[in-house]
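Asks: kindly return the folded structure for what I paste below:
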Amino acid sequence: MERADGNGTGGTGTALPETELAAPVLEPTLPSTPSASPGAEALRRLRRNPVAIISGLYIVALVFVALFANVLSPYVYDFQDTRRYASLPAPPDAHHLLGTDNLGQDVVSRLLFGARISLSVAVVVVTIEVLIGVTLGLIAGYRS
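Replies: Below you'll find the predicted structure:
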C-alpha cells in the first residue's frame, strides 16, 4: 500500500509499518430493528423507572378522587356536625375518619372537595400557560 507521496515511505524515505499504512475502514451498519417511535421510546423508559410509575399512579388517584368527590365523600362539603360533639375540633372516630374541624365539618369530605378545586385551578393555570407559551413561541419563530 502506498502513501500519498507515492513511494510508501511517508515522505521521509523510511518505510512505515504495515499497521500504520492500513487504516481500518468502518462501514455504516444499519440497526437490525427499526427505531421505535418517540412515544414507544418514552413508554419503554417509563416502564424502567419505578419512581415514575408510582408518581403517575398517585397523580391518577388524585384526579380520580377529585372527579368522583361526590360519590366518595361521606358527607356533603358544607355539612356541620355540631350536635354530636361537646368540643370542636373533634378527634377521629367511627363517624368522621379524620375528625372534624372547628366548624364541625368532616375533614375527609373537605379534603376530597378541596382536591376537586385544586384540580380545576391547575387545569385553568396550565391552559393559560400553554396559550401564552404557544403565542410567544409562534411570535419568536416568525421573527427569527
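Asks: tell me where the longest helix sits in the protein.
Replies: Assignment by DSSP state H gives helix 107-143 as the longest helix of the chain.
Asks: and His95, that's in a helix?
Replies: No: assessed with DSSP: H, G, I helix; E, B strand; the rest coil, His95 is coil; it does not lie in a helix.
Asks: so it sits against Tyr85, correct?
Replies: No: assessed by CB atoms under 8 Å, His95 is found out of contact with Tyr85, at 9.6 Å. C-beta coordinates here come from the backbone N, C-alpha and C atoms, glycine included.
Asks: kindly format the C-alpha coordinates of the helix or strand that Val51 is a member of as PDB.
Replies: Element membership of Val51 [criterion: DSSP states H and E] is helix 50-67. Only the C-alpha atoms of helix 50-67 are listed here, as PDB (Å, rounded to 0.1, in the frame of the first residue of the first chain):
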ATOM      1  CA  PRO A  50     -40.400   2.600  39.200                       C
ATOM      2  CA  VAL A  51     -40.500   6.000  40.800                       C
ATOM      3  CA  ALA A  52     -42.100   7.500  37.700                       C
ATOM      4  CA  ILE A  53     -44.700   4.700  37.700                       C
ATOM      5  CA  ILE A  54     -45.600   5.300  41.400                       C
ATOM      6  CA  SER A  55     -45.800   9.000  40.800                       C
ATOM      7  CA  GLY A  56     -48.000   8.600  37.800                       C
ATOM      8  CA  LEU A  57     -50.300   6.200  39.700                       C
ATOM      9  CA  TYR A  58     -50.500   8.800  42.600                       C
ATOM     10  CA  ILE A  59     -51.500  11.600  40.100                       C
ATOM     11  CA  VAL A  60     -54.100   9.300  38.500                       C
ATOM     12  CA  ALA A  61     -55.500   8.500  42.000                       C
ATOM     13  CA  LEU A  62     -55.700  12.200  42.900                       C
ATOM     14  CA  VAL A  63     -57.500  13.000  39.600                       C
ATOM     15  CA  PHE A  64     -59.900  10.100  40.300                       C
ATOM     16  CA  VAL A  65     -60.700  11.300  43.800                       C
ATOM     17  CA  ALA A  66     -61.200  14.900  42.600                       C
ATOM     18  CA  LEU A  67     -63.600  13.800  39.800                       C
END
